[in-house]
Structures are given as C-alpha cells and as structure tokens.
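J.: Next comes the sequence, and after it the predicted model I'd like to discuss.
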Amino acid sequence: MPGSVDESRRTVSAQLLRGQKALVTGANSGIGLATAVALGRAGADVVVNYVVGADEAEKVVAQIKDFGVRAYAHEADVSDEDQVVAMVARMVEEFGTIDIMVANAGLQRDAAVTDMTLAQWQKVIDVNLTGQFLCAREAAKEFVRRGVVAEVSRSAGKIICMSSVHQIVPWSGHVNYASSKGGVGMLMQTLAQELAPKRIRVNAVAPGAIRTPINRDAWSTPEAEADLLRLIPYRRVGDPDDIANAVVAMASDLLDYVVGATLYVDGGMTLFPGFATGG
C-alpha cells in the first residue's frame, strides 16, 4: 500500500544518520529548512541556525523534535567570525560534538554591474563565501580534535557546501552572486584536498531552479514558470526536498568515498539546453 511504502522509506532514512550531530546555516526557510528537517528525519540531532526570523526557526525545531531527536535554534550571522565561533562552541557544549556542517546560508543583492555598489558586492561575498569558510573552519577544528568514531560514521566529519549551478553558469545581472558561488566551488575542492587525509569529507550540493522565497518571481505565475522551464530539460522546477535528500545522502556513509565533488541537483540545467535543437 502507498502508506506502507512511504513508512518503509522513512524507516530506512531514519537509520542513515542516527546518533550524528548536524548544523545547518540559514535553516529557517527554503532549502535550509527542508535540509534541517530531512537530517532530523534521518536520525541526526540538529542545530537550526538563522539570522532573522526566530519564530520560524522555532517552528523548524519543533518539526525536527517530532522525529524523536534533539534540536535547538541559534541566531548567528555567518559572516561574523565571533558569532560563528560561538555557535559551533555552543553546539559542542550542548551536543558533545559536530559530525555534519551544512553551510547553506546565502543571499542575493542583484544589480547590473554598472549599478552595483561595493556594499552590494561585499555583502554577498561576506555571507555566501566568507560565511562558508568560517563555518567549515570551525567544524574542521572539531573533526580533527575528535577524529573518527567508528560506531557513528566512517569519516571524522562531513562538510557540505551549498553552491549553485552558477558555480559554473555565468549569470548576467548577478555578478556578485555568481562570483561567490564560483568561489564556493574552489573553496570546497581545496578544503577537500587538505582535509581528506584526516578522513574529513568535503563536498558541495549545487541546486538549480528551486521553489524558494528567494526566487519566487521566477516560478510563481504560469507565464514565469513556462519561461523558466525552457532552461530545465527535465521540465519541472525543483522543490527544497530535492536538495534536502541530496544533502542527507551526501552526509551519510552511503557516499563515504565521495570527496571533493559537486552534485548538481538541477533537472539538467547545466546541460546547456539551448543547444538541444541546434549549435
């Protein structure tokens, strides 16, 4: 029966990350929210980071606790070094350690390059790129200190950088965002190279077009969605759960031999669909 299949899937999922401790930045909406809930469903205790929207963060915490795991919300700006250090230190104090860091927090400040201010450029770089560096650095310190705990995971820790198809696809009018995500790609690969000998896995998940508040104008009307679908060979706009499921898999021992990889979850957007009928 359909209900039995769904329950079976959830039961399998609940075993993947049992006993692990995860932190998700920007976890009170969109992709971060779906990811935090999916990690809790898979058995992990979860810290729900947010910078604004405390009420929404607490609702996410309540959802996660329904799976019988621990969770709490923590306000912190990932571009602020002291706040990131304090956030990870609190997690280690409350949960004992960290096993999974999902550096998801990100934003856009769009403008044509001739109109873009230095403040718009810097804000996006600070949050989207520097924020991922700070979160990865603090998680790596704990991973190195603790090492591998075999009964928990085959690795000493997992860092998952939330990137974008714009890690490799230029995006006119979004030079700050595309540059930040291109930087995330090289940040991830360099961290993976450096940390792999310590049995720390660093990878990235790169969403395509996903139904989130940040891009609502691109899919909220039939006309806008039809225009967007021209860029997606699979002919559907992604949902936050598509990304959350990828993160759970990447964080699990199922993909223990995956190191320094970017998983594009994009319905084929990176296949250059404009060339499907010509070129």
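T.: On my side now, so go ahead. Numbering: from 1, shown residues only.
J.: Just the buried residues of stretch 172-184, please?
T.: By 16 or more other C-beta atoms under 10 Å, the buried positions in stretch 172-184 come out as 174-184. No exception for glycine: its C-beta is placed from N, CA and C like everyone else's.
J.: per-residue confidence for residue 100?
T.: pLDDT, residue 100: 98.
J.: How is the nearest residue to it once chain neighbours are set aside assigned, secondary-structure-wise?
T.: In space, and not counting its chain neighbours, residue 100 is closest to residue 22: 3.9 Å by C-beta to C-beta, 6 or more residues apart in numbering. With DSSP: H, G, I helix; E, B strand; the rest coil as the basis, residue 22 sits in strand.
J.: Report all helices and strands that the longest strand along the chain contacts.
T.: Looking across the chain with DSSP state E, the single longest strand is strand 200-207. Counting contacts by 3 or more C-beta pairs under 8 Å, 6 or more residues apart in numbering; DSSP states H and E, strand 200-207 packs against helix 131-146, strand 157-162, helix 175-195, helix 240-251, strand 262-265.
J.: Go again with 6 Å.
T.: Other helices and strands packing on strand 200-207, by 3 or more C-beta pairs under 6 Å, 6 or more residues apart in numbering; DSSP states H and E, are strand 157-162, helix 175-195, helix 240-251, strand 262-265.
J.: how about those in CSV, adding mean pLDDT?
T.: Output for the helices and strands packed on strand 200-207, formatted as CSV (pLDDT from 0 to 100):
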stretch, mean pLDDT
strand 157-162, 98
helix 175-195, 98
helix 240-251, 97
strand 262-265, 98
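J.: Need the winner for burial among these.
T.: Greatest average neighbour count among the helices and strands packed on strand 200-207 goes to strand 157-162 (a mean of 27), per mean count of other C-beta atoms under 10 Å.
J.: Relative to the whole chain's centre, how far out is that strand?
T.: In terms of C-alpha atoms, centre = their mean, to the nearest Å, the centre of strand 157-162 is found 8 Å from the chain centre.
J.: Specify the angle between it and helix 175-195 in degrees.
T.: Put simply, strand 157-162 runs at 160 degrees to helix 175-195, going by axes from the mean of the first three to the mean of the last three C-alpha atoms, to 10 degrees.
J.: partners of strand 157-162, with directions?
T.: Strand 157-162 pairs in its sheet with strand 100-103 (parallel), strand 200-207 (parallel), by DSSP bridges.
J.: and that strand with helix 240-251, angle?
T.: 150 degrees.
J.: could you check the angle helix 131-146 makes with strand 157-162?
T.: Put simply, strand 157-162 runs at 170 degrees to helix 131-146, going by the same axes, to 10 degrees.
J.: Show me the contact partners of strand 157-162.
T.: Contacts of strand 157-162 with the rest of the structure, by C-beta atoms under 6 Å, 6 or more residues apart in numbering, involve 99-104, 132, 136, 139, 143, 184, 188, 200-204, 247, 250-251.
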